[in-house]
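**Q** Everything below, folded, please.
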Amino acid sequence: MANFVEELRWRGMLHDIMPGTEEQLKKESTAGYIGFDPTADSLHIGHLTQIMTLLHFQRAGHKPFALVGGATGMVGDPSGKSAERNLLSEEVLRHNESCVRQQLEKFLDFSGTNSAEMVNNYEWFRDFKFLDFIRDIGKHITVNYMMSKDSVQKRLDSGLSFTEFTYQLVQGYDFYWLFKHKNCRLQMGGSDQWGNIVTGTELIRRKSDGDAFALTTRLITKADGTKFGKTEGGNIWLDPKKTSPYKFYQYWLNTDDRDVGTYLRWFTLLSRA
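**A** Next up, the predicted model:
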């Protein structure tokens with residue numbers, strides 16, 4: 001088995017890693033997941049870091065789960081947001097999920113011994129009653145713990161709804177459910193997700209007394225200070241109907257020379273040599 005953590009490390013992708021994670025991955029093939037909220041009917045190149053993380057994870061002999069957040073997409077994650085985003089209808093979310101699934105299937109291998117799996121948290125939240133949730137899950141995580149997270153602190157001045165405040169509990173339960181039902185031991189994501197991810201490891205520890213692990217990748221920043229994946233026309237989408245192949249190619253061709261090395265390490269499978 002290849003060393004997944006070392007692969008991310010030399011590529012410059014690794015940001016935070018929970019103690020014991022690398023040892024667990026060296027010891028045995030491990031199931032891990034990354035969540036994608038279906039807030040649009042296509043992923044964009046801002047999602048490519050997480051897609052490549054799952055791809056490297058699978059190539060290193062581990063089992064990747066791609067979680068499509070059919071339930072969490074109805075709530076909205078405050079991480080990295082300056083304002084609360086619009087909530088989508090269930091019908092729109094179901095359509096978006098289908099589109100996202102088709103795109104992820106082009107990157108991950110859904111056959112073989114460590115085949116990728118797609119899961120949708122709507123399946124386990126659909127019949128979860130509010131009173132059951134606050135009794136069975138809410139009692140394990142204190143308000144003080146939730147308030148200490150950066151994603152919450154940064155929004156206190158501008159306002160944070162109860163809906164968004166509870167997001168980390170909902171995401172934490174995702175990890176617990178996958179741990180319990182799919183033997184999923186690792187959650188990965190962008191560095192802005194660290195607070196949500198460790199809420200999941202804490203919930204698993206308190207409810208199951210089990211070991212769960214966390215790993216995050218760096219958020220990509222462009223050398224000229226502009227936002228990666230954005231142009232004057234908006235996002236660079238993975239759907240050719242939303243961003244033409246020509247425009248997609250031009251975006252990469254116009255890369256600042258200072259960013260080329262980073263993009264080659266992050267977005268290709270070129271070897272270290």
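**Q** Low-confidence regions, the protein specifically.
**A** For the chain, the stretches with pLDDT under 70 are 1, 72-87, 149, 151, 153.
**Q** Strands of that one, start to end?
**A** 14-17, 31-36, 63-68, 117-120, 184-190, 213-217, 230-231, 234-235 (DSSP state E).
**Q** and those as JSON lines, adding distance to Q171 and mean neighbour count?
**A** Where you see a C-beta, it was placed from the backbone N, CA and C, and this is true even at glycine. Shown next, in JSON lines, are the strands of the chain (distance: least, CB to CB, whole Å; neighbours: other CB atoms under 10 Å):
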{"stretch": "strand 14-17", "distance to Q171": "16", "mean neighbour count": "17"}
{"stretch": "strand 31-36", "distance to Q171": "7", "mean neighbour count": "24"}
{"stretch": "strand 63-68", "distance to Q171": "9", "mean neighbour count": "23"}
{"stretch": "strand 117-120", "distance to Q171": "13", "mean neighbour count": "19"}
{"stretch": "strand 184-190", "distance to Q171": "9", "mean neighbour count": "25"}
{"stretch": "strand 213-217", "distance to Q171": "12", "mean neighbour count": "23"}
{"stretch": "strand 230-231", "distance to Q171": "25", "mean neighbour count": "14"}
{"stretch": "strand 234-235", "distance to Q171": "23", "mean neighbour count": "14"}
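**Q** count of neighbours near N144?
**A** Neighbours of N144 under the rule other CB atoms under 10 Å: 7.
**Q** I141 and K207, how far apart?
**A** Shown here: I141 relative to K207, a distance of 10 Å by CB to CB, to the nearest Å.
**Q** before we move on, the earlier item: could you dump the strands of the chain to TSV with distance to L88?
**A** What follows is the strands of the chain, written out as TSV (distance: least, CB to CB, whole Å):
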stretch	distance to L88
strand 14-17	29
strand 31-36	14
strand 63-68	13
strand 117-120	15
strand 184-190	21
strand 213-217	26
strand 230-231	21
strand 234-235	16
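**Q** Let me know which of those is the nearest to F57.
**A** Judged by CB to CB, the one of the strands of the chain that comes nearest to F57 is strand 63-68, at 5.1 Å.
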